[in-house]
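In: The amino acid sequence is not available; the structure is as follows:
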């Protein structure tokens, strides 16, 4: 084991130098350095390359700070002075904030990284300020957008801000032995500020040269078609005002955000420095992207929402469990609270048994549990096992299908347009044609609940088949379709 330990320290030292003089290496950099060193075979101690990598991770974790752990998990993109922030976090609990503009009725899966990061800070006893952007949502952040946002009505933004705040209260619960959490809305301190007061007290501290140098502004000014309105141009000043107000009221000294927020965060730090001569901090995380270049949390049907009414817990689980390995592994580090050694065990299983989908199942379980809780997660697991495994249908599954957080996709069909079983299979898209529908039935491949369907021309006896508002049709061994009879 001495050789393994020595290799681990060499890898750790090399990685640290490649990332930042004062910042430990993250997992991706460790792999890059190992590949450069070409440590591809087991060493004389009989330990594999993965053992060395993991040992090096444990070595760094054992001797690192909370901030270094975030770096290792791939959660750090931009930051103010590393040593100063690291010392401040280790000295005593800090008050920090992270904001969410109400651009929709619900937060989506892409927001989860920042919410889990806030939870990490909370578990370290830091004071959380969770901000709903009731005022900034009225303006629209130009960061990462190629065109002007469509302005929403004041009433719509107010309603959405309340929904987002309630959602954050569910995801970031108050508890004992963890940092306290305060929920705020920036409309509370901006609603009554006059334009003259805003320009004198805030705008005076920012030069045009400073504001024009920001990436979000430069990218939009370079777009001759859309350009940038004064409304969105002023967004960074509103966010700077948020940081200033939270510093003055709560002594907030750190702002978290996605990497597209770095310019806005620096504006707040600058404003506090000019008005109060105090050094505050900022920390951003990389935006969560899939390996195919798409934004994480998007599907063919749109965003994957954290509200069960818009995306059921079952749909969330299925989205995650079907991710490729190269997406699932980094997300285990960034979206879950699992210790590194547990993530490593799942990675090792996935390497030797890729068909097990160990990474995806672990990720899906942890995320659904974080968002929807233990009870709903167990319901989703049981339904998934029934749909894709070998478990039998029972009354418990029937009751789960009626739960608002769990429902799986179903096909709504008006019984009046269905003549017989042959017709039903085509309308429900179980069979592409009546010819194939007849073949499936005559071959004994169609079950309705536990009963085999034998006659393609037999009429469908809906009253006797409906259970809990559904009719279950199975094609073959595992292809199940839920049909929901409706009247129109």
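Out: All right, it came through fine. All figures in this text were calculated on a predicted structure; none of them were measured in a lab.
In: burial of residue 178, as a residue count?
Out: As a burial measure, residue 178 scores 17 neighbours (other CB atoms under 10 Å). All C-beta spots, glycine's among them, are computed from the backbone N, C-alpha and C.
In: Does it touch residue 120 like I think?
Out: No: the pair formed by residue 178 and residue 120 falls short of the contact definition of CB atoms under 8 Å, at 10.7 Å.
In: how near is the closest residue to residue 476 other than its chain neighbours to residue 431?
Out: Closest residue to residue 476 in three dimensions, ignoring its sequence neighbours and counting by CB to CB, 6 or more residues apart in numbering: residue 445, at 5.6 Å. Using CB to CB, to the nearest Å, one gets 10 Å for the distance from residue 445 to residue 431.
In: One more: residue 231?
Out: As judged by CB to CB, residue 231 and residue 431 stand 54 Å apart.
In: got it, and residue 367?
Out: In this structure, residue 367 and residue 431 are 35 Å apart, going by CB to CB.
In: With neighbour numbers in mind, choose between those two.
Out: Ranked by neighbour count (other CB under 10 Å), residue 367 and residue 431 place residue 367 first, with 24 against 21.
In: My understanding was that that one contacts residue 318; is that so?
Out: No: counting by CB under 8 Å, residue 367 stays clear of residue 318, with 11.8 Å between them.
In: Quick check: which ranges of the stretch 251-400 of the chain have low pLDDT?
Out: Applying pLDDT under 70 to the stretch 251-400 of the chain picks out residues 298-301, 390-391.
In: can you give me the strands in the stretch 1-150 of the chain?
Out: Counting by DSSP state E, counting those that start in this stretch, the stretch 1-150 of the chain has strands at residues 95-100, 127-132.
In: Out of those, which gets nearest to residue 481?
Out: strand 95-100 (37.5 Å; CB to CB).
In: Tell me what angle that closest one forms with strand 127-132.
Out: Per axes from the mean of the first three to the mean of the last three CA atoms, to 10 degrees, the angle that strand 95-100 makes with strand 127-132 is 20 degrees.
In: any idea of the mean pLDDT in strand 95-100?
Out: Mean pLDDT, computed over strand 95-100, is 97.
In: Summarise which helices and strands that strand is packed against.
Out: helix 112-123, strand 127-132, helix 235-250, strand 254-258 (3 or more CB pairs under 8 Å, 6 or more residues apart in numbering; DSSP states H and E).
In: May I see those organised as CSV, with mean neighbour count and distance to residue 147 added?
Out: As requested, these are exported to CSV (neighbours: other CB atoms under 10 Å; distance: least, CB to CB, whole Å):
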stretch, mean neighbour count, distance to residue 147
helix 112-123, 20, 24
strand 127-132, 23, 24
helix 235-250, 22, 15
strand 254-258, 23, 19
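In: From residue 65, how far off is residue 248?
Out: According to CB to CB, residue 248 stands 28 Å off from residue 65.
In: Then residue 349?
Out: Computed as CB to CB, the residue 349 to residue 65 distance reads 30 Å.
In: ditto for residue 359
Out: For residue 359, the distance to residue 65 equals 27 Å [CB to CB].
In: More neighbours: which of these two?
Out: Neighbours of residue 359 and residue 65, each counted by other CB under 10 Å, are more numerous for residue 359; the result is 27 against 14.
In: Within the helices and strands, which one has the closest residue to that one other than its chain neighbours?
Out: In space, residue 359 comes closest to residue 328 once its chain neighbours are excluded; the distance is 3.9 Å by CB to CB, 6+ apart. With elements taken from DSSP states H and E, the one containing residue 328 is helix 325-335.
In: residues contacting residue 422?
Out: Remark: with contacts taken as CB atoms under 8 Å, 6 or more residues apart in numbering, residue 422 is in contact with 434, 437-438, 441, 456-457.
In: What ranges does the stretch 101-250 of the chain have for its helices?
Out: Along the stretch 101-250 of the chain, the segments classed as helices by DSSP state H, counting those that start in this stretch run 112-123, 136-139, 154-171, 187-190, 195-201, 208-212, 215-221, 230-233, 235-250.
In: just to revisit the earlier point, would you reformat the helices and strands packed on strand 95-100 as CSV and include distance to residue 161?
Out: Formatted as CSV, the helices and strands packed on strand 95-100 follow (distance: least, CB to CB, whole Å):
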stretch, distance to residue 161
helix 112-123, 16
strand 127-132, 4
helix 235-250, 13
strand 254-258, 18
